[in-house]
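**Q** Just need the structure, nothing else, for what follows:
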Amino acid sequence: MLNFGFVPLLISIISLSCFLPSKPFSVAQGDDLIIHVCKITNDFVFCNDTIYSDTRAIYARTNRLILSYIAIQKTLNNTIDTKDVYLPSEIKSIEAGGGDPNILQGFKNCFGNYDGVNRRLADMLDELDSVMNYDFDKLSLEIECQVRACEKGFNGRSPMTKRNDNLIRLANICYAVALLYK
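**A** Reported below is the predicted structural model:
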(Lines give C-alpha, C1' and ligand atoms only; values in the text may rest on other atoms or scores of the structure.)
Protein backbone atom coordinates (compact mmCIF):
# COMPACT_ATOMS: atom_id res chain seq x y z
CA MET A 1 0.00 0.00 0.00
CA LEU A 2 1.35 3.43 -0.90
CA ASN A 3 1.74 5.98 1.86
CA PHE A 4 1.13 9.55 0.74
CA GLY A 5 1.34 11.03 4.25
CA PHE A 6 4.47 12.96 3.33
CA VAL A 7 2.84 14.78 0.39
CA PRO A 8 1.43 17.72 2.42
CA LEU A 9 4.81 18.15 4.13
CA LEU A 10 6.58 18.03 0.78
CA ILE A 11 4.24 20.64 -0.68
CA SER A 12 4.83 22.87 2.37
CA ILE A 13 8.59 22.49 2.07
CA ILE A 14 8.56 23.24 -1.64
CA SER A 15 6.31 26.27 -1.09
CA LEU A 16 8.52 27.56 1.73
CA SER A 17 11.63 27.07 -0.36
CA CYS A 18 10.26 29.51 -2.94
CA PHE A 19 10.95 32.28 -0.42
CA LEU A 20 14.55 31.23 0.12
CA PRO A 21 17.40 32.38 -2.08
CA SER A 22 17.30 30.21 -5.16
CA LYS A 23 21.04 29.90 -5.57
CA PRO A 24 23.02 28.52 -2.59
CA PHE A 25 26.44 30.01 -1.99
CA SER A 26 29.26 28.39 -3.98
CA VAL A 27 26.98 26.06 -5.94
CA ALA A 28 26.31 26.96 -9.56
CA GLN A 29 22.71 27.18 -10.73
CA GLY A 30 21.58 23.76 -11.95
CA ASP A 31 24.29 21.80 -10.13
CA ASP A 32 23.22 18.64 -8.36
CA LEU A 33 23.25 19.58 -4.67
CA ILE A 34 23.45 15.96 -3.55
CA ILE A 35 26.66 15.38 -5.49
CA HIS A 36 28.05 18.71 -4.27
CA VAL A 37 27.28 17.88 -0.62
CA CYS A 38 28.47 14.28 -0.80
CA LYS A 39 31.81 15.38 -2.29
CA ILE A 40 32.36 17.50 0.84
CA THR A 41 31.72 14.59 3.22
CA ASN A 42 34.24 12.01 4.37
CA ASP A 43 32.35 9.18 2.64
CA PHE A 44 30.78 10.00 -0.72
CA VAL A 45 29.19 6.57 -1.23
CA PHE A 46 27.61 6.49 2.24
CA CYS A 47 26.28 10.04 1.76
CA ASN A 48 24.90 9.33 -1.71
CA ASP A 49 23.28 6.06 -0.62
CA THR A 50 21.80 7.70 2.48
CA ILE A 51 20.25 10.62 0.62
CA TYR A 52 18.97 8.54 -2.29
CA SER A 53 17.35 6.05 0.10
CA ASP A 54 14.76 8.78 0.68
CA THR A 55 11.93 9.15 -1.85
CA ARG A 56 12.31 12.95 -1.77
CA ALA A 57 15.89 12.78 -3.07
CA ILE A 58 14.89 13.64 -6.63
CA TYR A 59 13.68 17.03 -5.36
CA ALA A 60 16.73 17.47 -3.13
CA ARG A 61 19.03 17.56 -6.14
CA THR A 62 18.04 21.19 -6.70
CA ASN A 63 16.48 22.21 -3.37
CA ARG A 64 18.72 22.70 -0.35
CA LEU A 65 15.80 22.84 2.08
CA ILE A 66 14.53 19.40 1.08
CA LEU A 67 18.11 18.09 1.18
CA SER A 68 18.47 19.54 4.68
CA TYR A 69 15.29 17.86 5.90
CA ILE A 70 16.42 14.53 4.45
CA ALA A 71 19.84 14.73 6.13
CA ILE A 72 18.39 15.69 9.49
CA GLN A 73 15.60 13.08 9.31
CA LYS A 74 18.04 10.29 8.46
CA THR A 75 20.23 11.35 11.39
CA LEU A 76 17.23 11.61 13.70
CA ASN A 77 15.98 8.14 12.68
CA ASN A 78 19.38 6.73 13.57
CA THR A 79 19.52 8.39 16.98
CA ILE A 80 15.94 7.49 17.87
CA ASP A 81 16.60 3.82 17.09
CA THR A 82 19.79 3.85 19.15
CA LYS A 83 18.47 5.85 22.10
CA ASP A 84 14.94 4.45 22.33
CA VAL A 85 15.47 0.82 21.25
CA TYR A 86 19.08 -0.36 21.26
CA LEU A 87 20.43 1.32 24.42
CA PRO A 88 17.47 0.49 26.71
CA SER A 89 17.63 -3.12 25.53
CA GLU A 90 21.36 -3.38 26.21
CA ILE A 91 21.05 -1.68 29.61
CA LYS A 92 18.17 -3.95 30.63
CA SER A 93 20.06 -7.04 29.48
CA ILE A 94 23.18 -6.17 31.47
CA GLU A 95 21.17 -5.23 34.57
CA ALA A 96 19.23 -8.52 34.40
CA GLY A 97 22.25 -10.68 33.71
CA GLY A 98 24.83 -9.06 35.95
CA GLY A 99 27.09 -8.04 33.08
CA ASP A 100 30.15 -5.83 33.15
CA PRO A 101 29.40 -2.71 35.24
CA ASN A 102 31.82 -0.64 33.11
CA ILE A 103 29.91 -1.51 29.94
CA LEU A 104 26.64 -0.76 31.74
CA GLN A 105 27.94 2.67 32.75
CA GLY A 106 29.15 3.26 29.19
CA PHE A 107 25.70 2.50 27.82
CA LYS A 108 24.09 4.82 30.38
CA ASN A 109 26.50 7.60 29.45
CA CYS A 110 25.76 7.04 25.76
CA PHE A 111 22.06 7.32 26.51
CA GLY A 112 22.72 10.84 27.79
CA ASN A 113 24.95 11.63 24.82
CA TYR A 114 22.30 10.48 22.34
CA ASP A 115 19.71 12.51 24.22
CA GLY A 116 21.97 15.53 23.60
CA VAL A 117 22.19 14.60 19.93
CA ASN A 118 18.39 14.53 19.69
CA ARG A 119 18.19 18.01 21.25
CA ARG A 120 20.67 19.36 18.72
CA LEU A 121 18.74 17.78 15.86
CA ALA A 122 15.56 19.41 17.19
CA ASP A 123 17.43 22.73 17.21
CA MET A 124 18.48 22.12 13.61
CA LEU A 125 14.88 21.50 12.59
CA ASP A 126 13.83 24.67 14.42
CA GLU A 127 16.44 26.62 12.50
CA LEU A 128 15.24 25.24 9.18
CA ASP A 129 11.63 25.98 10.06
CA SER A 130 12.53 29.55 11.01
CA VAL A 131 14.74 30.00 7.94
CA MET A 132 17.65 31.12 10.15
CA ASN A 133 20.31 28.41 9.67
CA TYR A 134 22.95 30.37 11.59
CA ASP A 135 24.11 27.51 13.78
CA PHE A 136 23.29 24.55 11.55
CA ASP A 137 26.99 23.82 10.97
CA LYS A 138 27.93 24.25 14.66
CA LEU A 139 25.11 21.96 15.75
CA SER A 140 26.37 19.30 13.34
CA LEU A 141 29.83 19.50 14.91
CA GLU A 142 28.30 19.32 18.41
CA ILE A 143 26.57 16.08 17.39
CA GLU A 144 29.92 14.61 16.44
CA CYS A 145 31.37 15.67 19.82
CA GLN A 146 28.50 13.96 21.66
CA VAL A 147 29.08 10.75 19.70
CA ARG A 148 32.82 10.80 20.33
CA ALA A 149 32.12 11.29 24.06
CA CYS A 150 29.88 8.20 23.96
CA GLU A 151 32.65 6.20 22.32
CA LYS A 152 35.26 7.39 24.84
CA GLY A 153 33.00 6.40 27.72
CA PHE A 154 33.85 2.74 27.21
CA ASN A 155 37.59 3.24 27.74
CA GLY A 156 38.63 0.98 24.92
CA ARG A 157 36.50 -1.67 23.26
CA SER A 158 33.15 -0.03 22.68
CA PRO A 159 30.12 -2.09 21.69
CA MET A 160 28.78 1.17 20.20
CA THR A 161 31.54 1.71 17.62
CA LYS A 162 29.53 0.76 14.53
CA ARG A 163 26.50 2.81 15.58
CA ASN A 164 28.68 5.74 16.59
CA ASP A 165 30.62 5.64 13.32
CA ASN A 166 27.36 5.69 11.35
CA LEU A 167 26.08 8.64 13.35
CA ILE A 168 29.34 10.53 12.82
CA ARG A 169 28.98 9.98 9.06
CA LEU A 170 25.37 11.21 9.22
CA ALA A 171 26.45 14.29 11.21
CA ASN A 172 29.10 14.86 8.54
CA ILE A 173 26.34 14.93 5.91
CA CYS A 174 24.43 17.48 8.01
CA TYR A 175 27.58 19.59 8.26
CA ALA A 176 28.11 19.49 4.49
CA VAL A 177 24.48 20.49 3.94
CA ALA A 178 24.92 23.35 6.42
CA LEU A 179 27.68 24.75 4.24
CA LEU A 180 25.07 25.36 1.54
CA TYR A 181 23.72 28.14 3.77
CA LYS A 182 27.07 29.90 4.28
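
**Q** Kindly provide the distance from the residue most central in space within the chain to residue 40.
**A** Residue closest to the average C-alpha location in the chain (CA atoms, centre = their mean): residue 75, at 2.4 Å. From residue 75 over to residue 40 the distance is 16 Å, taken as CB to CB, to the nearest Å. To be clear about C-beta, it is placed using only N, CA and C from the backbone, and glycine gets the same treatment.

**Q** returning to what we had before: in this structure the residue nearest to the centre of the chain contacts residue 173, no?
**A** Yes - counting by CB atoms under 8 Å, residue 75 touches residue 173, with 7.4 Å between them.

**Q** does residue 154 count as helix, strand or coil?
**A** At residue 154, secondary structure determined by DSSP: H, G, I helix; E, B strand; the rest coil is coil.

**Q** In which helix or strand does the spatially closest residue to it that is not a sequence neighbour reside?
**A** Spatially, and ignoring its direct neighbours in sequence, residue 154 is nearest to residue 106 (4.1 Å; CB to CB, 6 or more residues apart in numbering). Residue 106 belongs to helix 101-130 when assigned by DSSP states H and E.

**Q** Pull out the buried residues from that helix.
**A** Residues 103-104, 106-107, 109-111, 113-114, 116-118, 120-121, 124, 127-128 are the ones in helix 101-130 that count as buried (16 or more other CB atoms under 10 Å).

**Q** which other helices and strands contact it?
**A** helix 64-81, helix 87-97, helix 136-152 (3 or more CB pairs under 8 Å, 6 or more residues apart in numbering; DSSP states H and E).

**Q** quick one, which of the ones you listed is nearest to residue 51?
**A** helix 64-81 (5.8 Å; CB to CB).

**Q** buried sites along that closest one?
**A** Quick answer for helix 64-81 (16+ other CB under 10 Å): 64-72, 74-76, 78-79.

**Q** ok, now how distant is the residue of the chain most remote from its centre from residue 104?
**A** What lies farthest from the middle of the chain is residue 98; by CA atoms, centre = their mean that is 33.6 Å. Remark: distance between residue 98 and residue 104 (CB to CB) = 10 Å.
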